[in-house]
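> With the input below, show me the fold.
(chains A and B)
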There are 2 protein chains.
Amino acid sequence: MPHMTAYTKMTAQERKDEYARMSAKFEELKARGLKLNMARGKPGKDQLDMVSDVIFNLMDEPGDFVSNGIDVRNYGEMSGIPAAKQLFAEILDCRVEQVFVGGNSSLQLMYDTISKAYTHGLLHSVRPWCREEKVKWLCPVPGYDRHFKITESFGFEMVNIPMTSDGPDMDVVEEAVKDPAVKGIWCVPKYSNPDGIIYSDETVRRMAALKPAAPDFTVMWDNAYCVHEFEGDYVEFPDILAACAEAGNPDLVFEFASTSKITLPGAGVACFATSEANLKYMEQLLTIQIISFDKVNQQRHVLYLQNKAHTLELMKKHAAILGPKFHAVLDALDREIAPLDIATWCRPKGGYFISLNAMPGTAKRTWELCREAGVVMTGAGATFPYGKDPADSNLRIAPTLPPVEELEQAIEVLCVCLKLSALEKLGV
Amino acid sequence: MPHMTAYTKMTAQERKDEYARMSAKFEELKARGLKLNMARGKPGKDQLDMVSDVIFNLMDEPGDFVSNGIDVRNYGEMSGIPAAKQLFAEILDCRVEQVFVGGNSSLQLMYDTISKAYTHGLLHSVRPWCREEKVKWLCPVPGYDRHFKITESFGFEMVNIPMTSDGPDMDVVEEAVKDPAVKGIWCVPKYSNPDGIIYSDETVRRMAALKPAAPDFTVMWDNAYCVHEFEGDYVEFPDILAACAEAGNPDLVFEFASTSKITLPGAGVACFATSEANLKYMEQLLTIQIISFDKVNQQRHVLYLQNKAHTLELMKKHAAILGPKFHAVLDALDREIAPLDIATWCRPKGGYFISLNAMPGTAKRTWELCREAGVVMTGAGATFPYGKDPADSNLRIAPTLPPVEELEQAIEVLCVCLKLSALEKLGV
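Numbering: from 1, shown residues only, chains lettered A, B, ... in the order given. Just a heads-up that it's a prediction; the model follows:
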C-alpha cells in the first residue's frame, strides 16, 4: 500500500498520487456532515451517569446535613468543612491544616490566587503585583491554555519553558528565577496537560528547592490529574508541600485539585493546599470575597467519595470507560500515521489528553481541515502562551467526550487532515 | 413602675436606683451562662429543614439533568443555564438577556465586579482602577458591613451618605458624584440592611438619572431582599435596569440577588443583572476565571422554585417562621425600652434585620455588656465604613437564627444592657 511509505521518502509523483487519494477521502468524509468535538477535556455521558446515579441520592435525612456538628446548609466555615479538608488531604498526601476547600472550580481558585497577588500581594510580596514595573511568568510548553489565559489577562510577560520527559527543563527554570521580575510558574505535575508527563522526583525536588530572586515567587501546582489513571495502577506522587518545607521554602507553592473529573465537571468540589502561613494570609483576603462556598456539595462529596481508597476504586471505573477511547486514538495514529513519519505523539497512562506534534508548520492547517470536515479540535497554538506555537506543530487531542464510535470517525478525519497538510508542506 | 419614666426625666437618685436594679438583673442573666447569637442574618434550622426536605429530592432521573438540551453535569454555559436566567429575570422583573447566573454567593459576584474594575476596568473605564490616583465610594449609612469591607479592601476612600426614610439622601449623592474620583455607590434598595427601608420610586428615579463625572461610575444594586417580606403582601419594586436605560444611563448599574434566604445560605444560587453591553464585557473577563458555575444546583433551583409566583408562596412560608421572631424583638423593645426614651428602632416588614439607634455614645458599651452576658450581636460600628459609627449609636439586631424562646432571652439581655449603658451615659 503506497501510504505505508514515509512521505519524505516518496517521489514527487507518489506524493501527488497520495494527495489525490487523500483529497478524495477528505471530500467523502466531509460529505458525511459530521459534527464531532475533540476540543475540551470533558468526561462523557456514561461517566456522568455513573456518578449522578449515586451522588445525588446520599442526602435524605436531616442528619446528613450535619458534619462535625456543622449545619452545612447555613452560612459559615469559609475555608470548607473539616471532613472535606480531610478527604483532600488524604488524596493529596498533605496535612489537613494546609487545605482550603472551595466551590466547584479549581480554575477559579487559581485565578483568585493570581488576582489577589495582583490587587493585594501575596504573603511575602513587597507590594501588590499591580504596582510592579513588570511581572514575568514561566510557562512550561506545551501547556494548559486556561492557565496561560489567566497570566495573559493580568498582563504578565509569559516566558516559554521547554518540557522534557521529566517535566519542565529545570536548568532553564533555575536560571530564569534569578530575574526578580519572574514571579511564578504554572505546573501540572502528574499527567501534564497536554503531554501526560509525570514530573520526576528529581524535577519535584529541584522545583521545591528553587531560590528565586523574587521573595513572592509562587509555584502554581495544578494537580488536576492526581488520581486520574486510565491505564495501569495508581501512581504515587511526592507531597510538594513537604518537599518545599524540607527545602526551606515552605511558602513557595499553592497546590490545586478538584473532583471535576472524579465526580462531575459542572458540580464538583475544588481545593487548594498551601503552607499554614499562606493559608492564613489568603483566608484574610478570601473572607472579604465570600461568606462560604457550597458546603452541601462538599458534604455530598465526602459521603460519596468517603476516602482515598474508595476514590481510587471509582477512578478504576472511569478508567474502564476512558481507556478504550484513548486506545482508539492511539491505534488509529499507530496504524495510519506512524509509518508515514509525519507526526509524533505521547502515550500517557492518565490525564485527559493526547499531545500530538504534527510536521512543523502544519498544525494550523490540520486544524482548519478538521474543522472543514466537522471535527472541532482545541485550537492549534492554544497549548502555548498567546496562542503562538513557534513551530506550528502541537495539537491537543481530547478523546474523552465522544462515544467510541464517534471518536473513531473523528480520528479518521484527523488522520486524513494530518496527511493532507503534511503533503502540502512537502510539496505536491 | 419606676422604669416606665423616661430616663432623662428621672432624678439622679431614681437613675441610681434603676441602675442598681438593672445591675442585679444583669448579674442574674449573666449567671444563666447564655450562649446566644443575634450577629448575622442567618435563617433558622426550621427554615433550612423546610427547604432541604424537598429541594434535594427533585433530581432522580437522567432527564432531570438536561435543561434546554444542556447536560448540567458537564462543563459549559459559563453565564448560567437559560432556565435559571429566566427565573431570576422574572423575580427581578428584568430581561433574560440581562441576567448572569453564578455560584452560591452574590457577595462573590459583587467582589468580583469590583475586583475586575480594579484589575481591568469596567466597560467605560479610561483605565483600571488600580491605576487611578484615588478612588472614592459612596456608602449610605447605616449599611451592610460586608459591602464596606470590599471597598475598604481595595483601598477606596469611603464617603458616608445619610439614609432617609426614602433611601440614600439623593441631594447629597447628586452633589458627591460631581467628583470624578467617586466611582460608585452601595445600595440595598428593598428592605435595606440594616434599616429595612424601601427606596422610594423618586429615589430610584434619581439614582438611575445620576450624571456622574466618572464615566465608569457604578451603582451596586444589591437586591438581596427583593422577595423577602415577613409581614404583609409582596411589595413590587421598579426595574432599575429599565429606569437607567430610560434615563440614558444603560450601563450605570449592576443588580445582584441570590436565593441564600429563599432556599439555603450555604447552597443557594446567586445572579447579577446588568445591561447587555456590560454583560458582554464582564463575560469576557469571567470566562478567564471559571469554566462554569454549578449548573446542577442552578437546575435544582429551577425545579424547586419554578417561577416567581411559586417563589412568593415559599416566601410566605418563611414569613410564617420569621414574623414571630421579629415581633418578639419589637414587642420587647416596645415594652421595655420605648417608655424610657433611650433608643429608636425601625419597624421593617421584610429583610433580615432590625436597626436600633441607642442613645449616642452607648452602642459599643451596650454591645460589650451583651457579650459579657453571652449574647453576640453584630459589632457596634459595623454598619459604618471602617467600623466607625460617628455617633456610636447604631446596633444591628439579627433575630432570624435563634428559636423564639432563645431570642426572647437574648432580647431580654439586650434591653437590660441598653438600660445600663444609657444610665451610665446619663450619670449614675
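> all contacts plus neighbour counts: C-alpha atoms, from now on.
Fine.
> top helix in chain A by residue count?
Longest helix of chain A, by residue count under DSSP state H: helix A:308-336.
> Could you list every helix and strand that that helix packs against?
Using 3 or more CA pairs under 8 Å, 6 or more residues apart in numbering or on different chains; DSSP states H and E, the elements in contact with helix A:308-336 are helix A:45-55, helix A:82-92, helix A:404-426.
> Endpoint to endpoint, stretch A:161-170 covers what distance?
9 Å (CA to CA, to the nearest Å).
> Go through it and flag the buried ones.
For stretch A:161-170, a neighbour-count test (16 or more other CA atoms under 10 Å in any protein chain shown) marks A:Ile161, A:Pro162, A:Met163, A:Asp166, A:Gly167, A:Pro168, A:Met170 as buried.
> and the second one, that's in a helix?
To tie it back to what came earlier, the one meant is A:Pro162. No. Read with DSSP: H, G, I helix; E, B strand; the rest coil, A:Pro162 is strand and lies in no helix.
> Tell me the spacing between it and chain B.
24 Å (CA to the nearest CA, to the nearest Å).
> before we move on, what about the fourth one?
Here the distance between A:Asp166 and chain B works out to 29 Å (CA to the nearest CA).
> give me every residue that touches A:Met377.
By CA atoms under 8 Å, 6 or more residues apart in numbering or on different chains, A:Met377 lies in contact with A:Asn37, A:Met38, A:Ala39, A:Arg40, A:Trp367, A:Cys370, A:Arg371, A:Arg396, A:Ile397, A:Ala398.
> quick one: which of the residues you listed is most hemmed in?
In terms of neighbour count, A:Arg396 stands highest of these at 29 neighbours, by other CA atoms under 10 Å in any protein chain shown.
> May I have the secondary structure class of that residue?
Secondary structure state of A:Arg396, per three-state DSSP, is strand.
> Would you double-check that A:Phe100 falls in a strand?
Yes. Assessed by three-state DSSP, A:Phe100 belongs to a strand.
> Contacts only, for it.
A:Phe100 sits next to A:Ser79, A:Gly80, A:Lys85, A:Cys271, A:Phe272, A:Ala273, A:Leu279 when contact means CA under 8 Å, 6+ apart.
> can you pull the pLDDT of it?
A:Phe100 is assigned a pLDDT of 98 by the prediction.
> Let me know the closest of the contacts of A:Met377 to B:Gly69.
A:Asn37 (16.4 Å; CA to CA).
> Name all residues that make contact with the closest one.
Contact analysis of A:Asn37 by CA under 8 Å, 6+ apart lists A:Val375, A:Val376, A:Met377, A:Leu401, A:Pro402, A:Ala410.
> Torsion angles phi and psi at it?
When quoted as degrees, to the nearest 10, the phi and psi of A:Asn37 stand at phi -130, psi 110.
> Get me the contact residues on the stretch 1-150 of chain A for chain B.
A:42-43, A:48-49, A:53, A:56-57, A:59-62, A:72-76, A:103-105, A:107-108, A:111-112, A:115, A:118-120, A:130, A:146, A:149-150 (CA under 8 Å from any CA of the partner chain).
> are any of the residues you listed buried, and which?
For the residues of the stretch 1-150 of chain A next to chain B, buried by 16+ other CA under 10 Å: A:42-43, A:48-49, A:56, A:59, A:72-76, A:103-105, A:107-108, A:111-112, A:115, A:118-120, A:130, A:146, A:149-150.
> Now, those residues that are in strands?
Here DSSP state E is the test, and those give no hits in strands at all.
> Confidence-wise, which helix or strand of chain A is lowest on average?
strand A:36-38 (a mean of 91; mean pLDDT, DSSP states H and E).
> Mind listing the strands it pairs with, and their directions?
For strand A:36-38, the paired strands and their directions (DSSP bridges) read strand A:375-377 (parallel).
> next one: the strand it pairs with to chain centre, how far?
Centroid displacement of strand A:375-377 relative to its chain, using CA atoms, centre = their mean, to the nearest Å, is 18 Å.
> do the same with stretch A:38-51
Distance, centroid of stretch A:38-51 to centroid of chain: 15 Å (CA atoms, centre = their mean).
> So which residues of chain A form helices?
A:12-31, A:45-55, A:82-92, A:106-119, A:145-153, A:170-176, A:201-208, A:240-246, A:276-289, A:295-305, A:308-336, A:363-372, A:404-426.
> Report all helices and strands that the fourth one contacts.
Using 3+ CA pairs under 8 Å, 6+ apart as the contact definition, the elements that helix A:106-119 packs against are helix A:145-153, strand A:253-258, strand A:270-274, helix B:106-119, helix B:276-289.
> Can you pull the domain assignment for chain A?
Per automatic domain parsing, the domain ranges recorded for chain A read A:2-48+A:312-426, A:66-308.
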